[in-house]
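J.: Output the structure for:
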Amino acid sequence: MVNNGVVISLYTLLVAIVTFPIMIIILMKIKRKIKFSPFLLGLLVYFTFGVFSTTVIHTIFLNPGRPTYNFLNGNVVAYSLYFAVVVGVLEEFGFLLAFKKIIPGYDEKETPITLALGNAWLEVIMVCFLALAAYIAYATKLNEVGEDGFREFYKDIENLNVEDTLSVIESITVMDVIMLAVQRVAYFIMHISLSVIIFYSVKKNIIQYFWMAVIFRGLCTVPGAVEKFNADALAMGSKIPLTIYLLFVIGVACFIALKLYKSYNMGKTLYPSDLFKKQPQVHL
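T.: Numbering: from 1, shown residues only. Alright, predicted model coming up:
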């Protein structure tokens, strides 16, 4: 059986990940009169570079018939580094292309936030929504019919290991859901921060900021890659340090993004060498 608190928390998270970005966009539209098109462009950027392009690369390097397959799947460092490079370069290049070639005339500083919300919204839908919906369905059915009834109900479903599914569903705790919620909020902040950094890079013509965003995105990919590499063997105690690491990296990226965001409309340019100075030299 699954505790009702777990089911309620899963429902809450499911609703939140769908409505949260839309609510922010609506508020920004009302308060700041933002354009809605960057949000739609963010959807396209994620699908093109976060889904399609990365899938092509993974098909080449993670295909069981390739010599890279055994190497990457047998070494957690290589596996994590691979995902850091692929995801970091492709996803942030998508942001760069959007700001530089598709909407070069969108100079409002809210533009990168709007685009990032679209990007992050589609990501969370594809990464979490279906999984959460499936967990809720499994948990509800398990509580209705019990373990034996659950086995009987799902026994004919192809490619579904009923015993593994039972084990996973029954092992979920409220803390697991909270940790997932924290991670998803962190990734929302990450996307917004990196979008702001790349937007500033394009508008101020400082390429170093783009590569800074690529590095930050790669570093943020590591926890997910480690969890995926270890699959179900990674216990909650091991996930907490990874989450702390993720929050630290995103915190630094957010700090930089806030400084750039605040300085954008001041008619001045903030270079990377000035970011961590108490009194940075802001250039005209």
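
J.: Show me the longest helix that occurs in the protein.
T.: In the chain, taking DSSP state H as the definition, the longest helix is helix 174-204.

J.: between the very next helix or strand once past it and helix 174-204, how many degrees?
T.: The element immediately downstream of helix 174-204 (helix or strand, assigned by DSSP states H and E) is helix 207-230. Helix 207-230 and helix 174-204 are oriented at 160 degrees to each other (axes from the mean of the first three to the mean of the last three Cα atoms, to 10 degrees).

J.: follow-up on the earlier one: quick one: buried residues of the longest helix of the chain?
T.: Buried residues in helix 174-204, defined by neighbour count with 16 or more other Cβ atoms under 10 Å: 177, 179-181, 183-184, 186-204. From N, CA and C alone the C-beta is placed, and that goes for glycine too.

J.: same check, this time on stretch 152-163
T.: Neighbour-count burial for stretch 152-163 flags 154, 162 (criterion: 16+ other Cβ under 10 Å).

J.: next one: phi and psi at Thr173?
T.: phi -120, psi 170 (degrees, to the nearest 10).

J.: Burial check on it, number of neighbours?
T.: Neighbour count for Thr173, taken as other Cβ atoms under 10 Å: 14.

J.: Quick one: residues contacting Glu91.
T.: Shown in contact with Glu91 (Cβ atoms under 8 Å, 6 or more residues apart in numbering): 46, 49-50, 54, 217.

J.: Repeat that for Ser193.
T.: Counting by Cβ under 8 Å, 6+ apart, Ser193 makes contact with 216, 250, 253-254, 256-257.

J.: Now it: closest residue in space, sequence neighbours ignored.
T.: Spatial nearest neighbour of Ser193, chain neighbours left out: Ala257 (3.8 Å); criterion: Cβ to Cβ, 6 or more residues apart in numbering.

J.: Please report how far the one you found lies from Leu132.
T.: Distance, Ala257 to Leu132, using Cβ to Cβ, to the nearest Å: 28 Å.

J.: Neighbour count for these two, which is higher?
T.: Neighbours were counted for Ala257 and for Leu132 using other Cβ under 10 Å; Ala257 has more, 28 against 20.

J.: which stretches of the stretch 51-200 of the chain have low pLDDT?
T.: For the stretch 51-200 of the chain, no stretch has pLDDT under 70.

J.: and the contacts of Glu91 as a markdown table, adding distance to Ala84?
T.: Listed next are the contacts of Glu91 as a markdown table, based on distance: Cβ to Cβ, whole Å:
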| residue | distance to Ala84 |
| --- | --- |
| Tyr46 | 18 |
| Phe49 | 15 |
| Gly50 | 14 |
| Thr54 | 12 |
| Arg217 | 8 |
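
J.: Now, those residues that are in helices?
T.: Using DSSP H, the subset of the contacts of Glu91 located in helices is 54, 217.

J.: For the stretch 51-200 of the chain, just list every one of the helices.
T.: Listed in chain order, the helices of the stretch 51-200 of the chain (DSSP state H, counting those that start in this stretch) span 53-61, 67-73, 76-97, 111-124, 130-154, 162-171, 174-204.

J.: Which one of these lies nearest to Ile26?
T.: helix 111-124 (10.9 Å; Cβ to Cβ).

J.: contact partners of the closest one?
T.: Contact with helix 111-124 is made by 17, 21-22, 24-25, 28, 34-36, 38-43, 45-47, 50, 95, 98-99, 103, 184, 187-188, 191-192, 194-196, 198-199, as judged by Cβ under 8 Å, 6+ apart.

J.: Contact partners for the most centrally placed residue in the chain?
T.: Geometric centre of the chain, nearest residue: Tyr187, 4.3 Å, by Cα atoms, centre = their mean. For Tyr187, the contact set (Cβ under 8 Å, 6+ apart) comprises 120, 123-124, 220, 250.

J.: Looking at those, which one is closest to Leu81?
T.: For those, the nearest to Leu81 is Cys220 (13.6 Å; Cβ to Cβ).

J.: Against Ala120, how distant is that closest one?
T.: Taken as Cβ to Cβ, the span from Cys220 to Ala120 is 12 Å.

J.: Fine by me, thanks again.
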